[in-house]
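Novice: take a look and give me a structure for this.
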Amino acid sequence: MIVGGFDAIVEEGSAGGSYADGFVVPVPEGKRDAYRELASKMAKTFRKNGATRVVEAIADDVNHGKVTDFYRAVKAEDGETVVFSFIEWPDKGTRDEAWKTIMADESLKPEGEMPFAGQRMFWGGFEKVLDTAESQPAQQAPTPANA
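Specialist: Just a heads-up that it's a prediction; the model follows:
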């Protein structure tokens, strides 16, 4: 298990949905502001295409481990930090259609140097197994019959 604390630098929308994309990316310390600007732009794009929530968070309390850690996972170099992000979607179908649309949009193609090392980024899609923000059925108080 890899654990760390991250400070949200972009947060759009509200929790909800049954599918999430998650990713971790190395960002040079000197490009934090440029990354935040790009992340903010992309969060709006994801929301416009159906995402319910987008969170981008930069390392705040992330230790260097002895076996593995967030830095090793992205082969972070000296002067780089890590960003952990997730995009919540109503369902996998909405996510799949959104990515097709986003990847085909020529206006979103990068201009110039990216503010992160994309070749060392990793990502994946995840089905929700638990969301503590959702209402949980109230537990029945024990009675002599079910105590």
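Novice: shaky segments in this protein?
Specialist: 135-147 (pLDDT under 70).
Novice: partners of the regular element (helix or strand) spanning residue 84, with directions?
Specialist: Per DSSP states H and E, residue 84 falls inside strand 80-89. Partner strands and pairing direction for strand 80-89 (DSSP bridges) are strand 19-28 (antiparallel), strand 53-61 (antiparallel).
Novice: please enumerate the helices of this structure.
Specialist: Assigned by DSSP state H, the helices in the chain fall at 32-48, 70-73, 92-104.
Novice: tabulate those helices (a markdown table), appending distance to residue 134 and mean neighbour count.
Specialist: For the C-beta atoms, the positions are set from N, CA and C on the backbone; glycine is no exception. Putting those into a markdown table (distance: least, CB to CB, whole Å; neighbours: other CB atoms under 10 Å) gives the following:
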| stretch | distance to residue 134 | mean neighbour count |
| --- | --- | --- |
| helix 32-48 | 20 | 16 |
| helix 70-73 | 28 | 18 |
| helix 92-104 | 18 | 14 |
